[in-house]
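J.: just a sequence and a predicted model for now, questions to come.
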Amino acid sequence: MMELWNEFDRLVVFDTETTGIEFGTDRIIEIGAAALENGEEQGSFNALICLPAGQTLPPFITQLTGITDEQLRDEGVDDRTAAEGFCRLLDGAEQPLLVAYNAQFDLNFLYYLLRPLGLLSVLQKPRFLDALTVYRDRRDFPHKLCNAIEAYGLTGVENSHRAVDDARAAALLLEAMAAEKDDLLQYVDLFGVHPKYGMSGKKISSVTYCPQPYDRRVPLYELLHTM
């Protein structure tokens, strides 16, 4: 990942678990992140987040993540505590890069967590990398994180649908993809979208969105220049 480390002084790889997929109405119930400098983890954060009084988790979310209403009630923190804990991982970075697997999803939920707390300014400095976009250019469907972990033989990696575990798994995947072909810098602020259905959620002004075909004939960043 030499290209990335030559450009950025900190990578913060993060993941969210949510009550559903509707931005602005569903909520983050867990956020986890790992901060890396020169390839080494320098800090991490993970928090369960309480639901508003009277709300409960959909049963399928508990089945998927293992997170229960009791855990959120007993271990969860409020939105501000979780948001500020995440923001601290970016403190002091001059050229940070925020990374997620399916970053459009996680960044949209992060936006709706930070906005009512007046903390959106933390997203002004970082640039963004979607590990899913890179993986789609490397391997055929399916493209879940567990598929990527298996494809790269990342034995011992825990893909648990728990936030900090998935963030660390995405960081290891990033290293494996860079070892295969060190072109990750070309994907910064470039998100692939479904060729038929397009983008979901709120558009990020600094990101270029490009329909990403399934045939993988050329990398998305090369395809972009032909459009």
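T.: Right, received. Where do you want to start? Residues are numbered from 1 along each chain as shown.

J.: how about the helices of this protein, start to end?
T.: Taking DSSP state H, the helices of the chain run over residues 2-7, 59-65, 69-75, 79-88, 103-114, 131-138, 145-151, 163-180, 220-224.

J.: including mean neighbour count and distance to residue 187, could the ones you listed go into TSV?
T.: (Glycine included, C-beta is placed from N, CA and C.) Converted to TSV, the helices of the chain look like this (neighbours: other C-beta atoms under 10 Å; distance: least, C-beta to C-beta, whole Å):
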stretch	mean neighbour count	distance to residue 187
helix 2-7	14	10
helix 59-65	13	28
helix 69-75	13	34
helix 79-88	18	23
helix 103-114	21	10
helix 131-138	22	5
helix 145-151	18	14
helix 163-180	21	10
helix 220-224	17	6
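
J.: do you know which of the ones you listed lies nearest residue 22?
T.: Using C-beta to C-beta as the measure, helix 103-114 is the one of those that comes nearest residue 22, at 9.9 Å.

J.: could you check the angle that closest one makes with helix 163-180?
T.: 140 degrees (axes from the mean of the first three to the mean of the last three C-alpha atoms, to 10 degrees).

J.: identify all contacting residues around helix 103-114.
T.: Applying C-beta atoms under 8 Å, 6 or more residues apart in numbering, the contact partners of helix 103-114 are 14-16, 18, 21, 23-24, 26, 28, 31, 79, 82-83, 86-87, 98, 100, 120, 122-123, 128-133, 191, 193, 199-202, 204.

J.: any idea how far residue 97 lies from residue 86?
T.: Counting by C-beta to C-beta, to the nearest Å, the separation of residue 97 from residue 86 is 15 Å.

J.: what's the neighbour count on residue 211?
T.: Look at residue 211: counted by other C-beta atoms under 10 Å, it has 16 neighbours.

J.: report the spatially closest residue to it, excluding sequence-adjacent ones.
T.: residue 195 (4.3 Å; C-beta to C-beta, 6 or more residues apart in numbering).

J.: what does residue 77 give?
T.: Going by C-beta to C-beta, 6+ apart, residue 77 has residue 47 as its nearest residue, at 5.2 Å.

J.: and that neighbour, how close does it get to residue 161?
T.: 16 Å.

J.: same thing with residue 170?
T.: Separation of residue 170 from residue 161 (C-beta to C-beta): 13 Å.

J.: spatially central residue for the protein, please.
T.: residue 100 (2.1 Å; C-alpha atoms, centre = their mean).

J.: could the helices of the chain go into a markdown table alongside mean pLDDT and distance to residue 208?
T.: Shown next, in a markdown table, are the helices of the chain (pLDDT from 0 to 100; distance: least, C-beta to C-beta, whole Å):
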| stretch | mean pLDDT | distance to residue 208 |
| --- | --- | --- |
| helix 2-7 | 95 | 17 |
| helix 59-65 | 95 | 31 |
| helix 69-75 | 97 | 37 |
| helix 79-88 | 98 | 25 |
| helix 103-114 | 98 | 12 |
| helix 131-138 | 98 | 11 |
| helix 145-151 | 95 | 22 |
| helix 163-180 | 96 | 20 |
| helix 220-224 | 95 | 7 |
